[in-house]
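I'd like to go over a predicted model; first the sequence, then the structure.
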Amino acid sequence: MMKYFWSILIIVFALISCKSDDESLQRIDQVMNIYMKSNTNPDLLNAKKSGSYTAYSVNDMLGDRDISPVSIPLKMRPDSTFYMEYISGAKRRKLDSAGTTYYSRMRLTLSKNVNNVPENTFDTLEIRYRNSFEVFQVSQVLYNRKLMFSKEAGAANSINEVTIVK
């Protein structure tokens, strides 16, 4: 009797382990390239261009402390256009009780010199994520509460490009 029990147990484990890895993996799609431009300046992140921001910092508004810095490195495309690459780092909270939508909220401090006087601009960046068994992905990006980016459910994984027009 015990022999049959162990045989059945081994068969059950074998059947469970035969399922496809694709069925058990959740796709993660959260990398964003954030560009900033204005009507007169196509690259506000290029500190060498007049009127551009010379520095920036990012603070997690949902962080454990009042000052919870988020690292968002500045990168450059081959055509010399600068962008901020956000992969992760800010805390996420549930936006709905079902747990299908999460959000992160950050404060950006953008610095530039105006007439040789340092000037700071304080903006907010909110990233909303769609969560399901199949995918965890960026669904919307709001900048100062304005929708700047939207992605349909089930869209292919990609680097999400967000352009902020200031």
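Cool, got the structure.

which stretches of the protein have low pLDDT?
The model of the chain has pLDDT under 70 over residues 1-24.

which residues of it fall in helices?
With helices called from DSSP state H, the chain shows them at 2-17, 21-24.

got a list of contacts for stretch 111-130?
Stretch 111-130 has contacts (CB atoms under 8 Å, 6 or more residues apart in numbering) with 30, 32, 34, 51-56, 58, 61, 86, 90, 92, 95, 100-110, 136-145, 151, 153. Glycine gets a C-beta too; all of them are placed from N, C-alpha and C.

go with 6 Å
Under the criterion CB atoms under 6 Å, 6 or more residues apart in numbering, residues 53-55, 102-110, 137, 139-144, 153 lie in contact with stretch 111-130.

quick one: buried residues of that stretch?
Lys112, Leu125, Glu126, Ile127, Arg128, Tyr129, Arg130 (16 or more other CB atoms under 10 Å).

ok, and the closest non-adjacent residue to the third one?
In space, Glu126 comes closest to Leu142 once its chain neighbours are excluded; the distance is 4.3 Å by CB to CB, 6 or more residues apart in numbering.

what's the burial count for the one you found?
Number of residues near Leu142 (other CB atoms under 10 Å) recorded here: 17.

next: the one 3 residues further on.
Arg145 has 7 neighbours, counted by other CB under 10 Å.

beta partners for the nearest residue to it once chain neighbours are set aside?
Closest residue in space to Arg145, ignoring its immediate chain neighbours: Thr124 at 7.2 Å, by CB to CB, 6+ apart. Residues in a beta bridge with Thr124, per DSSP bridges, are Arg107.

would you quantify the distance from Thr124 to Asn33?
For Thr124, the distance to Asn33 equals 19 Å [CB to CB, to the nearest Å].

got it, and Arg128?
17 Å.

please tell me how far the most centrally placed residue in the chain sits from Arg128.
By CA atoms, centre = their mean, the chain has its centre lying nearest to Gln30, at 4.7 Å. Distance of Gln30 to Arg128, computed by CB to CB: 11 Å.

okay, now the nearest residue to Ala155 once chain neighbours are set aside: neighbour count?
Nearest residue to Ala155, sequence neighbours excluded (CB to CB, 6+ apart): Gln137, at 7.5 Å. Neighbour count for Gln137, taken as other CB under 10 Å: 23.
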